[in-house]
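Enquirer: no sequence for this one, just the structure:
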């Protein structure tokens, strides 16, 4: 089983993430930040991962610490669930439309964290959610997962759609990248490690 359970405790938050890469898209997410819950639910459902997230944080201050720490814990869980990465496809990409929005995502489970993120200017709030956290979510996941991730919003204007299509596109790219490839018996790298 390619699973992980990560608990992260700070003075600002307490996060529990349980991840099963070979799941069926079952999700149970509660961070205290409703829009972020909606986005993490997209990530779990469209990747086919089983994802449980339980976070309590200082949302009375704002949602920054809760969102950041949850993203870091998810990235760590992804890295741990992948193990030595033997037999995986390694690379994944997806092009996802959502009404007027079109997002391209590509991932390399390389062991080297790197993010390229391009999106248009959008409103600063979706309800009470601070949209300036968008890039930081991906930075945090990438830093702990040790993956290279490229996200480009090719078209779009509605902030909710711009966010949601990114999470769906990354989910679909991850779904491909973590998939086991019957033609690959070992580590998919000429270096012998990822």
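Expert: Cool, got the structure. Remember, it's a predicted structure, so these values are computed and weren't measured experimentally. Numbers count the residues shown, from 1 in each chain.
Enquirer: So residue 150 belongs to a strand, correct?
Expert: Yes - the assignment for residue 150 by DSSP: H, G, I helix; E, B strand; the rest coil puts it in a strand.
Enquirer: wait, what's in contact with it?
Expert: 104-107, 115-117 (CB atoms under 8 Å, 6 or more residues apart in numbering). (Each C-beta comes from the backbone N, C-alpha and C, glycine too.)
Enquirer: could you redo the last one with a cut-off of 10 Å?
Expert: The contact partners of residue 150, by CB atoms under 10 Å, 6 or more residues apart in numbering, come to 93, 104-108, 114-118, 138, 170, 173.
Enquirer: So which residues of this structure form helices?
Expert: For the chain, the helices defined by DSSP state H cover 34-47, 64-82, 134-145, 159-178.
Enquirer: quick one: average confidence on the third one?
Expert: Averaging pLDDT along helix 134-145 yields 98.
Enquirer: Stretch 78-90 now?
Expert: Rounded mean pLDDT across stretch 78-90 is 97.
Enquirer: okay, the helices of the chain in TSV with distance to residue 186 and mean neighbour count next?
Expert: Below are the helices of the chain laid out as TSV (distance: least, CB to CB, whole Å; neighbours: other CB atoms under 10 Å):
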stretch	distance to residue 186	mean neighbour count
helix 34-47	24	20
helix 64-82	14	23
helix 134-145	21	21
helix 159-178	16	24
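Enquirer: Dump those into TSV; add distance to residue 28 as well.
Expert: Converted to TSV, the helices of the chain look like this (distance: least, CB to CB, whole Å):
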stretch	distance to residue 28
helix 34-47	9
helix 64-82	14
helix 134-145	19
helix 159-178	16
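Enquirer: Nearest approach to residue 88 belongs to which of these?
Expert: helix 159-178 (5.8 Å; CB to CB).
Enquirer: Now that closest one: average pLDDT?
Expert: pLDDT averaged over helix 159-178 gives 98.
Enquirer: going forward can the numbers begin at 11, since that is how I track them
Expert: Let's use 11 as the start, then, which means that last one is helix 169-188.
Enquirer: re earlier: between all of the contacts of residue 160, which two are separated the most?
Expert: 118 and 128 (17.2 Å).
Enquirer: More neighbours: which of those two?
Expert: residue 118 (18 against 12; other CB atoms under 10 Å).
Enquirer: I'd like to know how many residues surround the closest residue to that one other than its chain neighbours.
Expert: Once flanking residues are discounted, residue 118 sits nearest to residue 158: 4.2 Å by CB to CB, 6 or more residues apart in numbering. Per other CB under 10 Å, the neighbour tally for residue 158 reads 18.
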